[in-house]
Structure formats: structure tokens, C-alpha cells
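**Q** Let's see this in three dimensions:
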Amino acid sequence: MKDEELSGRLREAAGAHRPDRARMLARIERGMAGGAQAPRSVRPPRAVRPWLRVAGATAAVCGVLAAGAFAVTSAGDDDRARGGQVASAPSPAASTPAARDELRPEDGPLWTGGVVDPHSNAYWAQSNVTLRTTEPLSALTVELRVALTGGVNSTGSWRSLPEPDFTVSVNESGGYLVYRWTLRAGRTVPAGTHTFAGQYNHAEGDRDATGDYVTAHAVRASGGKASVGDHFRRPR
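**A** Down below sits the predicted model:
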């Protein structure tokens, strides 16, 4: 066979040949399996469907909210573990001396009440304290507290019990004009009804005395203590 004829047949055979890609790739993979692992092919990202984007955003928001709730709960648990509490401002009633004394008008044999004398006027007033005891008292301290509203200043005081039996003081303390009657040592308050009164000037007008109050602390001659108190009321 001539060279020209052979060359022609080879070209025809080459043109008609169709390579088997599957076998070629299999051979290449088998050849590379013995060496370094072939890198994975990188696929172009698919377009994200709209509903997937919405679901993803919702999941992210839920995650943020859950994390915030966990942080708040954890902070509260830490405070409880440390015994810490959020401090609140005390109510006005709890901060007044009257509330601290836990006023009650009756205790055992002792009772007290306070009222503004009906003869008070637009410039001057008298606060009357009534004290009743069914037993003799070997010790007694009565305190009348008049709130320092406009123009309040003392003009005197008195009591129905003998004057030599008591020491008396008047001073300003904690926003009040304080009248204090203290039974002297060795003296006794007999059973009965007794009166203590404080007198004072005030600014012109009808003074509101609901912030005033009285307390009494006593020791019974037979033994035992008693404490009473009362807020003032307007005269009837």
C-alpha cells in the first residue's frame, strides 16, 4: 500500500472516531486516586428563590429576638443569684415618722386621739390631744407633731395633769414643730382621761392639719409597756 493511500485512510479513521468521554474520565480519576485528591468542581450558585429569602429573614429575626430574651432572662437570674433587687422609691407614707411609729389609737389600757380645737381661727390654732388610761402609768412620754406648713410657730402649750409632774420641750425636727411632755421619774399618771395641747400661729387661712399626729409611749405601774398614736382630724 502506498504511503499516500495509507495517510488518506488514517485521516478518514481519525475523522470518524468519536472518543468515549466516560471511559476517559474514569481513567483519569483512577490515575489521580493514587495521588492527591482531585479538587471538587465549583458550581455556580443557584438563584435563591423568593420564598427562601423570606424564610431566611424570618429565621434571622427570630434568632435575634430569642437571643435578646435570653440575655434579659440571664441578667434577671444573675440579680436573683446575687440577691440584688431593683430599688424603688419609697412611698411618701412609708417615709413619714407617723408610718414608722405604726400608729394605732389603742393599746391595752391606753388610748389617744387628736383633733384641732374648734375655737381655732384663720391665724392661730390649738391641737388637742386626749389620752385615756384604765391603769396608772409609771412612765409616759407624749409627742405632738405639727407639720411646718406656712407660718407655723409655737405660742405655748398646756396639760390637764399637774405641771410639776412633767418636763416640757418644743423644737423643730424633721419638718415638724414637736411638743414633748415627759413624766418625771417617781411620778405617776392616774387612771382617767387627760389632755395635752399645743398652740401655734400659722399663715392666714384654713390650715390643713391632716399631716399632724400624736404618739404616746407608756409603762404601766403594774408592769408592761403600751404605745398609741393618732392622726389629727378637722374639728366637727
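
**Q** The chain: helices as residue ranges?
**A** 3-16, 21-33, 50-82, 92-95, 97-100 (DSSP state H).

**Q** burial count for His231?
**A** If you count neighbours by other Cβ atoms under 10 Å, His231 ends up with 15. For glycine as for every other residue, the C-beta is placed from the backbone atoms N, C-alpha and C.

**Q** For it, give its distance to Ser160.
**A** 22 Å (Cβ to Cβ, to the nearest Å).

**Q** repeat for Thr195
**A** Separation of Thr195 from Ser160 (Cβ to Cβ): 4 Å.

**Q** now do Glu204
**A** The spacing between Glu204 and Ser160, counted by Cβ to Cβ, is 30 Å.

**Q** ditto for Trp111
**A** 15 Å.

**Q** ok, the two, which is more surrounded?
**A** Comparing Trp111 with Ser160 by other Cβ under 10 Å, the one with more neighbours is Trp111, at 19 against 12.

**Q** which ones are touching the nearest residue to that one once chain neighbours are set aside?
**A** Spatial nearest neighbour of Trp111, excluding adjacent residues (Cβ to Cβ, 6 or more residues apart in numbering): Arg132 at 4.6 Å. Contacts here follow Cβ atoms under 8 Å, 6 or more residues apart in numbering; on that basis Arg132 touches Leu110, Trp111, Thr112, Gly192, Thr193, His194.

**Q** Which one of the residues you listed is nearest to Ala185?
**A** His194 (18.7 Å; Cβ to Cβ).

**Q** was I right about the closest one contacting Arg159?
**A** Yes: contact criterion Cβ atoms under 8 Å: His194 and Arg159 qualify, at 7.1 Å.

**Q** Between those two, which has more neighbouring residues?
**A** Each of His194 and Arg159 has its neighbours counted (other Cβ under 10 Å); His194 has more, 21 against 18.

**Q** ok, so what distance separates the nearest residue to that one once chain neighbours are set aside from Thr155?
**A** Distance criterion Cβ to Cβ, 6+ apart; nearest residue to His194, sequence neighbours excluded, is Leu131 at 4.8 Å. Using Cβ to Cβ, Leu131 is found at 22 Å from Thr155.

**Q** more neighbours, these two?
**A** Just comparing Leu131 and Thr155: by other Cβ under 10 Å the higher neighbour count belongs to Leu131, 25 against 12.

**Q** who's the more buried one bridged to?
**A** Beta-bridge partners for Leu131, by DSSP bridges, are Thr112, His194.

**Q** Now do the same contact list for it.
**A** Contacts of Leu131 (Cβ under 8 Å, 6+ apart): Leu110, Trp111, Thr112, Val142, Thr193, His194, Thr195, Phe196, Ala216.
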